[in-house]
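S.K.: A predicted structure for the sequence below; I have some questions about it.
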Amino acid sequence: MAMKTSVTNINVLDIFQDKQLVKVCAPMVRYSKLQFRNLVKRYDCDLMFTPMILADSFCHSEKARQNEFTTNALDSPVIIQFAANTAHDFVGAAYLASPYCNGVDLNCGCPQSWAKEQELGCAMLKKPELIYDLVRQCRNRIPAPFSVSVKIRLLSDITETVEICRQLEKCHISFLNVHARTTNQLTGQIDKSGLKLIKDSCKIPLVANGGVTSLENCFELQDYTGCDGIMVANGILSNPTLFSGTCYTTKNCIQDWLNICYNSTLTMQSYQEELAKPKLTISEKPNNLTFQCFHHHLVFMLEKVLPKRQRHFFNSLKTFSSVLQFIEEYFGLKPMLFEPEMFVKTVSQNMDYTDRDFMYKELKPTEAEEQEYIGNSYNSDGQYFSSKISSEDCDLTEIFLENG
């Protein structure tokens with residue numbers, strides 16, 4: 001089995017011991033995909049999360065595994081976040097993925113209505129004993145240095161939240177991620193005092209999430225709460241260089257994004273052809289890259305860079321060629337080939353899950369039903385991006401509805 005043995009043996013807890021502040025890229029619907037994880041890694045991001053993946057689909061569908069998670073040699077340390085409400089789904093998915101990532105995270109914070117209807121995400125907070133059982137079984141069956149973590153939101157009663165955190169610590173989770181808003185609070189100020197109380201009540205590393213838009217904000221939140229890490233979603237979408245201390249997306253970052261996306265579409269054979277006769281462009285139906293991923297990220301990155309008129313024109317573009325033409329004309333940038341040594345590291349891995357589903361089968365009750373994988377709904381533009389097209393101004397907090 002092909003494994004990222006040189007990187008997946010990283011102990012995530014070592015990062016918390018070595019770093020004054022662990023800087024984390026949040027799990028984001030549609031957006032924390034491989035190319036973006038590779039980008040933020042270049043700009044002082046210490047730990048990266050995948051988007052939330054449905055564990056049941058990941059367990060019984062090869063198509064789901066291939067569609068929902070890709071990785072390469074640069075993609076580390078990376079945590080796969082799963083939504084699950086049964087041990088066989090969560091532990092089974094974690095065991096399947098464990099050779100190719102550094103840990104798993106149980107999503108107990110997603111506030112989307114569909115997740116609540118399926119008793120996933122923040123609905124899990126109503127059944128804390130179930131959460132404890134899932135992470136305890138996962139921890140018992142997959143040894144360290146593989147990490148097991150949980151991402152939660154605050155309950156309206158902060159004492160109940162603290163008690164859940166204490167019990168999770170007793171389940172030997174590796175670290176805790178807390179979005180400092182309640183399950184019904186999609187926007188507004190975060191509860192810094194609640195974060196501080198959780199940190200004062202637990203010894204495991206705490207990663208705080210919510211309301212951060214700059215590196216300065218990160219340190220301010222750490223100073224107030226004592227948290228060990230800061231997880232950023234919206235801020236890092238708008239500025240992937242945030243953790244390096246810049247206030248907006250740099251020109252070098254735009255060039256890096258073009259390069260990462262362009263090279264990710266190439267196979268070893270097509271890379272050799274490009275070396276001989278470079279086209280330095282992206283076809284309209286490339287491998288391993290959607291237009292949504294490529295264009296949306298640029299829309300977010302250029303929010304504070306482009307004047308309003310150019311911004312709205314750029315946001316409405318519909319093809320790779322028109323986007324590349326705009327970027328070249330406005331910024332003088334075009335995609336560039338990586339050097340061979342770098343290119344090899346960016347090639348997506350062929351992940352072999354053969355015989356790794358025995359854990360899922362062993363834990364699965366005979367009466368449990370399997371749902372057919374029909375793909376996720378995230379190929380749509382989403383509420384946040386759509387607002388970029390339909391209105392002149394958009395409140396970044398709208399994306400919290402989608403990311404939890």
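M.R.: That came in fine, so what should we check first? Numbering: from 1, shown residues only.

S.K.: which residues touch residue 65?
M.R.: Contacts for residue 65 (CB atoms under 8 Å, 6 or more residues apart in numbering) come out as 58, 96, 351, 353. Any C-beta I mention is one placed from the backbone N, CA and C, and that applies to glycine too.

S.K.: Of those residues, which pair is most distant in space?
M.R.: Largest separation among these by CB to CB: 58 and 351, giving 11.7 Å.

S.K.: intersection of neighbour lists for the two?
M.R.: By CB under 8 Å, 6+ apart, the residues touching both residue 58 and residue 351 are 65, 69.

S.K.: ok so, going back, neighbour-wise, which of the contacts of residue 65 leads?
M.R.: Within these, most neighbours by other CB atoms under 10 Å means residue 58, with 28 neighbours.

S.K.: any idea how far it is from residue 298?
M.R.: Relative to residue 298, residue 58 is positioned 29 Å away (CB to CB, to the nearest Å).

S.K.: What of residue 143?
M.R.: Applying CB to CB, the value for residue 143 to residue 298 is 41 Å.

S.K.: out of the two, which sits in the busier spot?
M.R.: Higher neighbour count among residue 143 and residue 298: residue 298, with 23 against 8, using other CB under 10 Å.

S.K.: That one contacts residue 253, correct?
M.R.: No: using CB atoms under 8 Å, residue 298 is not in contact with residue 253; the gap is 10.4 Å.

S.K.: Confirm residue 51 sits in a helix?
M.R.: No: under the criterion used here (DSSP: H, G, I helix; E, B strand; the rest coil), residue 51 is strand, not part of a helix.

S.K.: Wasn't residue 106 part of a strand?
M.R.: Yes: according to three-state DSSP, residue 106 belongs to a strand.

S.K.: Now it. Nearest residue, chain neighbours left out?
M.R.: Once flanking residues are discounted, residue 106 sits nearest to residue 150: 4.8 Å by CB to CB, 6 or more residues apart in numbering.

S.K.: Now that neighbour: phi and psi?
M.R.: phi -140, psi 140 (degrees, to the nearest 10).

S.K.: Which residues does it form beta bridges with?
M.R.: Legend: beta-bridge partners of residue 150 under DSSP bridges are residue 106, residue 176.

S.K.: Count the neighbours of it for me.
M.R.: Neighbour count for residue 150, taken as other CB under 10 Å: 26.

S.K.: Residue 170 too?
M.R.: 10.

S.K.: which residues does the closest residue to residue 172 other than its chain neighbours contact?
M.R.: Computed as CB to CB, 6+ apart, the closest residue to residue 172 that is not its neighbour in sequence is residue 139, at 5.0 Å. Going by CB under 8 Å, 6+ apart, residue 139 touches 148, 171-173.

S.K.: buried stuff in stretch 265-279?
M.R.: 265-266, 271, 274 (16 or more other CB atoms under 10 Å).

S.K.: Need the residues you listed in JSON lines (columns: pLDDT, distance to residue 227 and secondary structure).
M.R.: Converted to JSON lines, the buried residues of stretch 265-279 look like this (pLDDT from 0 to 100; distance: CB to CB, whole Å; DSSP: H, G, I helix; E, B strand; the rest coil):
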{"residue": "265", "pLDDT": "97", "distance to residue 227": "38", "secondary structure": "coil"}
{"residue": "266", "pLDDT": "97", "distance to residue 227": "40", "secondary structure": "coil"}
{"residue": "271", "pLDDT": "97", "distance to residue 227": "42", "secondary structure": "helix"}
{"residue": "274", "pLDDT": "95", "distance to residue 227": "45", "secondary structure": "helix"}
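
S.K.: With distance to residue 282 added, can I get those residues in a markdown table?
M.R.: Below are the buried residues of stretch 265-279 laid out as a markdown table (distance: CB to CB, whole Å):
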| residue | distance to residue 282 |
| --- | --- |
| 265 | 6 |
| 266 | 10 |
| 271 | 14 |
| 274 | 12 |
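
S.K.: Closest one of those residues to residue 110?
M.R.: In terms of CB to CB, no member of the buried residues of stretch 265-279 lies closer to residue 110 than residue 265, at 30.5 Å.

S.K.: That closest one touches residue 285, doesn't it?
M.R.: No: if you go by CB under 8 Å, residue 265 and residue 285 don't touch, sitting 9.7 Å apart.
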